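**Student:** Predicted model and sequence below, questions to follow.
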Number of protein chains: 2
Amino acid sequence: MNDLRKLAPADCSDCPIRHRAVCARCDADELARLDEIKYYRSFSAGQTLMWAGDTMEFVASVVSGVAALTQTMEDGRTQMVGILLPSDFVGRPGRSAAAYTVTATTDVVMCCFRRKPFEQMLLSTPHVAHRLLEMTLDELDAAREWMLVLGRKTAREKIASLLAILARRDAALAKDGSGQTRRFDLPLTREAMADYLGLTLETVSRQMSALKRDGVIILEGKRNVTVPDLERLLDEAGDDSDGGLPS
Amino acid sequence: MNDLRKLAPADCSDCPIRHRAVCARCDADELARLDEIKYYRSFSAGQTLMWAGDTMEFVASVVSGVAALTQTMEDGRTQMVGILLPSDFVGRPGRSAAAYTVTATTDVVMCCFRRKPFEQMLLSTPHVAHRLLEMTLDELDAAREWMLVLGRKTAREKIASLLAILARRDAALAKDGSGQTRRFDLPLTREAMADYLGLTLETVSRQMSALKRDGVIILEGKRNVTVPDLERLLDEAGDDSDGGLPS
DNA sequence: TCCAAATATTGATCTGTATCAAGGAAGCCC
DNA sequence: GGGCTTCCTTGATACAGATCAATATTTGGA
């Protein structure tokens, strides 16, 4: 995730998946086979798509919206372990039980593939397996980058890191390129941000206010964020200049 | 990592890789091809195998010893993002620059494959790619499990979580099965433990002392740990009974 | 065998974030 | 349009873990 490669291109608003996430190199025949085992599902904000431990009937890609992968301890402490943006893939071929709880944080449309036939296809279509390996390695990098955020950054740096990811993603989506000013809608509540960052929602709120007071971001309402100077934000995040993303 | 599947079986002390990590399903011909592009390298404790950003000439599997993947911020804050145990794989086919710094925490022997020919082999040998996908998914699960530890657990729970992982791994290696008492050598300094757990080394030391005082562990010297009651330790780690590992 | 360096322990104090608590703003249904 | 409900902000206080500091133990080399 957080990878430009995973963003839906403008010319496939219908199903970005077929073009990018799974079968960038599929021929017509292979696409037809995928179409056969594919179906769409919609979820509304707040809905849980699957619970950790559930049997998964499908693997899927996000067509639109944002979903969160979370792990929870017995006493209720919750950690978000991943965020699914359009074109991200969820599900683990070869394992039937879901490892995490998946919750829609906005309205979400998923493109699902029935698991068994998809696994068969993996075996017979090396470049699909290859693409999946590439995507999984990207996610592993993202998860490890996030470990640094969770383990070593201050609350302010954590917030800045999250905003930087969202600002870049949105800029890429909007294709407004290298414009200095970035403006986007937060797809997460303060509580969801806290769960992603290993903080409490009060601390998130305070740090958002502090970043606003210091002019690092401009807040209109609670969800609309403008970043007047991306460099400044990255600085606040403690990232060594480019944060590992191609731009 | 932290996966039983990745442990060297007793019958291939020479090179566990060929049997498990990469080519569990290779035929003689394929093994011969792998042998051609394979060589061994030794590193002594404390040595850095590669720096983040370095060009990697090879991908590799750990034959023996323990190595750490770390990320560092400009000001020196360091986070360990992975620990390489025997039979773990390191390197990213398709990308030449190393994403993390890799450091030997004990003496280490690696089984290296030259990168270019290995990538070729991946393309022509689907089950190797498949095995790699499986391993990468395991690592992703481990990384995400660790995100919960970093983001939400207390210092005491973090220490207990780390000890639990090491205790299980060692028990599996020693094949002493379900014996209640587990005894092993810590392959990490207090500082390395701190870097793994997102703590300071003083806090690690204090919590180790506290766990010792409370009878959760018995310490002989600084590095030899005995766990009289694994259940108790898992309890201290806050894990819901089995911590996600098969046993 | 002794010394120096590396590693670990323990204590005193400080501080960033959690926790507890009280409103305030925005959406949404009747 | 009033009154829920949900989400957010802000303040006061507490505490876990960081930091600063001193000492102890182990290791390795001459």
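**Tutor:** Looks like it came in fine. Numbering: from 1, shown residues only, chains lettered A, B, ... in the order given.
**Student:** Please give me every residue in contact with the residue in chain A positioned nearest to DNA strand C.
**Tutor:** Among the residues of chain A, A:Thr203 lies nearest to DNA strand C; the distance is 3.0 Å by Cβ to the nearest atom of the strand. Yep, even glycine has a C-beta here, placed from its N, CA and C like the rest. By Cβ atoms under 8 Å, 6 or more residues apart in numbering or on different chains, the residues touching A:Thr203 are A:155, A:194.
**Student:** Doesn't it lie inside a strand?
**Tutor:** No: counting by DSSP: H, G, I helix; E, B strand; the rest coil, A:Thr203 is not found in a strand; it is helix.
**Student:** pretty sure A:Leu166 contacts A:Leu186?
**Tutor:** Yes: at 6.9 Å, A:Leu166 and A:Leu186 qualify as touching, with contact defined as Cβ atoms under 8 Å.
**Student:** Comparing these two, which residue is more hemmed in?
**Tutor:** Using other Cβ atoms under 10 Å in any protein chain shown, the more surrounded residue of A:Leu166 and A:Leu186 is A:Leu166, with 23 against 19.
**Student:** Give me the phi and psi for the more buried one.
**Tutor:** Per-residue torsions, A:Leu166: phi -70, psi -40 (degrees, to the nearest 10).
**Student:** List the residues that are in contact with both of A:Leu166 and A:Leu186.
**Tutor:** A:Val225.
**Student:** Low-confidence bits of chain A, can you list those?
**Tutor:** Chain A contains residues with pLDDT under 70 at A:1-25, A:171-180, A:240-247.
**Student:** Just the strands from it, written as ranges.
**Tutor:** A:38-43, A:48-50, A:58-64, A:67-72, A:78-84, A:89-90, A:101-104, A:108-114, A:182-185, A:218-220, A:224-227 (DSSP state E).
**Student:** buried set for the last one?
**Tutor:** Using 16 or more other Cβ atoms under 10 Å in any protein chain shown as the burial criterion, the residues of strand A:224-227 that qualify are A:225, A:227.
**Student:** Figure out how far stretch A:189-207 is from the centre of its chain.
**Tutor:** Offset of stretch A:189-207 from its chain centre (Cα atoms, centre = their mean, to the nearest Å): 17 Å.
**Student:** quick check, that stretch touching DNA strand D?
**Tutor:** Yes: applying Cβ under 7 Å from any atom of the strand, one finds stretch A:189-207 in contact with DNA strand D at A:189-191, A:201-202, A:204-206.
**Student:** same for the longest helix seen in chain A, what does it pack against?
**Tutor:** If you go by DSSP state H, chain A has its longest helix at helix A:126-152. Counting contacts by 3 or more Cβ pairs under 8 Å, 6 or more residues apart in numbering or on different chains; DSSP states H and E, helix A:126-152 packs against strand A:78-84, helix A:115-124, helix A:155-174, strand B:67-72, strand B:78-84, helix B:115-124, helix B:126-152.
**Student:** same thing but at 6 Å, please
**Tutor:** Applying 3 or more Cβ pairs under 6 Å, 6 or more residues apart in numbering or on different chains; DSSP states H and E, we find helix A:126-152 packed against strand B:78-84, helix B:126-152.
**Student:** what about the shortest one and DNA strand D, touching?
**Tutor:** No: Strand B:78-84 stays out of contact with DNA strand D when judged by Cβ under 7 Å from any atom of the strand, the minimum separation being 11.6 Å.
**Student:** Put together CSV for the strands of chain A, with distance to chain B on each row.
**Tutor:** Shown next, in CSV, are those (distance: least, Cβ to the nearest Cβ, whole Å):
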stretch, distance to chain B
strand A:38-43, 21
strand A:48-50, 15
strand A:58-64, 12
strand A:67-72, 5
strand A:78-84, 4
strand A:89-90, 11
strand A:101-104, 12
strand A:108-114, 16
strand A:182-185, 23
strand A:218-220, 25
strand A:224-227, 21
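**Student:** got those as CSV, with distance to B:Lys116 columns?
**Tutor:** Listed next are those as CSV, based on distance: least, Cβ to Cβ, whole Å:
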stretch, distance to B:Lys116
strand A:38-43, 36
strand A:48-50, 40
strand A:58-64, 31
strand A:67-72, 35
strand A:78-84, 32
strand A:89-90, 28
strand A:101-104, 38
strand A:108-114, 33
strand A:182-185, 39
strand A:218-220, 49
strand A:224-227, 41
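**Student:** Which residues of chain A lie near DNA strand D?
**Tutor:** Residues of chain A lying close to DNA strand D by Cβ under 7 Å from any atom of the strand are A:46, A:189-191, A:201-202, A:204-206, A:208-209, A:219, A:222-223.
**Student:** PyMOL command for the buried members of these?
**Tutor:** To isolate the buried members of those in PyMOL, using 16+ other Cβ under 10 Å:
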select buried, chain A and resi 189+190+204+205+208
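**Student:** State the distance from the residue of chain A closest to DNA strand C to A:Ile159.
**Tutor:** Separation of A:Thr203 from A:Ile159 (Cβ to Cβ, to the nearest Å) stands at 9 Å.
**Student:** got it, and A:Pro117?
**Tutor:** Separation of A:Pro117 from A:Ile159 (Cβ to Cβ): 43 Å.
**Student:** now do A:Val149
**Tutor:** Distance, A:Val149 to A:Ile159, using Cβ to Cβ: 10 Å.
**Student:** who has more neighbours, those two?
**Tutor:** More crowded of A:Val149 and A:Ile159, by other Cβ under 10 Å: A:Ile159, with 28 against 25.
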